[in-house]
Every structure is written in C-alpha cells, then in structure tokens.
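Visitor: Model the structure of this input:
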Amino acid sequence: MSSTDTRDPVLRVEDLHVRYGGSHILQGVSFDVAATGVTALLGRNGVGKTTTLKAILGLAPRTGRIVANGTEIQKHPTTRIVRDGIGYVPEDREVFGGLTVEENLRLVDRDRGIDAPVVQRLFPDLVPRRSQRAGTLSGGQQQMVALARVLLRPTTLLLVDEPTKGLAPKLVTEVADVLAEVARSTPVLLVEQNLPLVRRIADDVVVLDAGRVVHRGSAADLIADADRTRELLGVSMRKEGAA
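Guide: Below you'll find the model as predicted:
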C-alpha cells in the first residue's frame, strides 16, 4: 500500500495459485492494491501478470484468498465481481469494430452513452467520432473507447492490461493522461511495460517473476535504482515510447 495512504487496501490478494493443465502459473502470489492511485504490476513477459488480473476476476481457475472492498470474492462468479465494481480493460481492448463509438458505449449505458458526464470529461476526442465505426479508429482511440465503456459502470477498482502496447508516443501520453485522471477517484491496478509511464503515474509497484512476487514497494524508488530495475525487469522492460 502507498506509504501516504493509511486506509485499508481496496484489494488484497493472498496466496493466489493458478494451474493450467500441468503448468503452475501463479505460485502463491500475495499483494495489496492501495485505496488510491495506481499500483503497477510489472515483470518480464510470461511471468503471470495477465493471469493475475484474470484470476482476480474469476476468469482463470484459482485458489487463494481475494478480498475486494472488505469482501472475499474468490468464490464469486465473474458477473458478480464485475457488477460489484471491478472493471477490466483487457490487452486486446475488445471493442466491437462493426459498431459505432456511440453504439459501443450504449451497450453499457443505454440512455446516455457518449453523453454521459464521465465520457464528456475524460474522453472529449470521442465526441466528434460518435458515429464512426470503432474498427476504423486508431489504436489509441480504441483504447479510449474501451476505458470509457468500463467507466460507464460504477467502478471501485480498475484493472488495465497493457493499455499502451503498440501505440505511438503521442498516444501513449494521451492514455497516460487519462489513467492519471481516472486514478484521482478510482484506484487502478495496471499491467504495463512502459517504464516512463509507470514512473509518471504509478505510486506502488508489484514485480512478478516465474509466478511469484519478488518485489513490492514504491514505484519511484524502484525506477530510480537502475541496477535493481535491470535485475528485476530485464531488457524486455526498456523504454517503449513517451509518457
């Protein structure tokens, strides 16, 4: 938990295990997500970051204890977990390319869609594109649609998986701006490979290696220590665009 926040964590993960077939993907993962700000989940490719998000949501077979907003959720179905306020933006965004921006958003908020205050405030660039098919948007614009769609529901915690992957530096900056603003009111658990973005918006970091937590602490302290960062994250986590 952030050293500046004395409240109970919004999420507590204890001894989380995930097995697929004969593979033991997560091996006793434990960490907290603070009630404010951004917690970044870091690690080399293939260490279990996306699996951790899916396990929290009940999209992966898991054992262990998961407490969200003071309630154990490890036995809850995914539909209830989402309904109770945990939003998820997957790595591939999953917008409906054949639908317009407006139609994508009205799938969640039938009455307001793009006219909802949260969309008007955080995603003004989507407003003039309301009638544009989502599949013709840029990658960054599709990411905005995915974020907007999740935030149209009451959200107590936002899980976001590599939102800047494949984006040009300018779009990375725009996504970072939105996430920083979202985190002012909704805590975020962020899987991200872009260290400049992590340095800019994350308060805390959790580092995974081979399905285990190998580091927890301040984002600023870790990234300021080049040797420790290199030891924990390796060359796959080098700078990828501006933030």
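Visitor: What segments of this protein are strands?
Guide: 11-20, 23-33, 38-42, 62-68, 71-72, 86-89, 157-161, 188-191, 204-209, 212-218 (DSSP state E).
Visitor: most centrally placed residue in the chain?
Guide: In the chain, the centroid-proximal residue (C-alpha atoms, centre = their mean) is Val160; its distance is 1.7 Å.
Visitor: Count the residues that sit near Val38.
Guide: Using other C-beta atoms under 10 Å, Val38 has 27 other residues around it. For the C-beta atoms, the positions are set from N, CA and C on the backbone; glycine is no exception.
Visitor: Contacts only, for it.
Guide: Counting by C-beta atoms under 8 Å, 6 or more residues apart in numbering, Val38 touches Leu179, Ala180, Ala183, Pro187, Val188, Leu190, Ile201, Ala202, Asp203, Asp204.
Visitor: The first one against Val188, yeah?
Guide: It refers to Leu179. Yes: counting by C-beta atoms under 8 Å, Leu179 touches Val188, with 6.2 Å between them.
Visitor: which residues are common contacts for those two?
Guide: Val38, Val160.
Visitor: Leu232 - how many residues pack around it?
Guide: If we define neighbours as other C-beta under 10 Å, then Leu232 has 19 of them.
Visitor: and it, what is it in contact with?
Guide: With C-beta under 8 Å, 6+ apart, Leu232 has these contacts: Leu42, Gly43, Val207, Asp209, Val214, His215, Leu222.
Visitor: let's see 10 Å
Guide: Leu42, Gly43, Arg44, Val205, Val207, Leu208, Asp209, Val214, His215, Leu222, Asp225 (C-beta atoms under 10 Å, 6 or more residues apart in numbering).
Visitor: how much space between the third one and Asp161?
Guide: The reference is to Arg44. Arg44 sits 15 Å away from Asp161, going by C-beta to C-beta, to the nearest Å.
Visitor: more crowded one of these two?
Guide: Neighbours per residue, other C-beta under 10 Å: of Arg44 and Asp161, the larger number sits with Asp161, 21 against 17.
Visitor: List the residues that contact that one.
Guide: By C-beta under 10 Å, 6+ apart, the residues touching Asp161 are 41, 49-50, 52-54, 88-93, 189-192.
Visitor: Any chance of a ChimeraX selection covering the buried ones in those residues?
Guide: Buried residues among the contacts of Asp161 (16 or more other C-beta atoms under 10 Å), as a ChimeraX selection:
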select :41,49,50,52,53,54,88,89,90,93,189,190,191,192
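Visitor: min pLDDT across the contacts of Asp161, which one?
Guide: Within these, pLDDT reaches its minimum at Arg93, with 77.
Visitor: For it, grab phi and psi.
Guide: Per-residue torsions, Arg93: phi 70, psi -50 (degrees, to the nearest 10).
Visitor: Could you check the pLDDT of the residue lying closest to it once chain neighbours are set aside?
Guide: Excluding its sequence neighbours, the residue lying closest to Arg93 (C-beta to C-beta, 6 or more residues apart in numbering) is Ala146, at 4.3 Å. pLDDT recorded at Ala146 is 93.
Visitor: Below-threshold pLDDT in this structure: ranges please.
Guide: 1-6, 235-243 (pLDDT under 70).
Visitor: Show the contacting residues for Val95.
Guide: Taking C-beta under 10 Å, 6+ apart, we find Val95 in contact with 101, 104, 133-135, 137, 141-146, 148-149.
Visitor: could you redo the last one with a cut-off of 8 Å?
Guide: Neighbouring residues of Val95 by C-beta under 8 Å, 6+ apart: Asn104, Ala134, Gly135, Leu137, Gln142, Val145, Ala146, Arg149.
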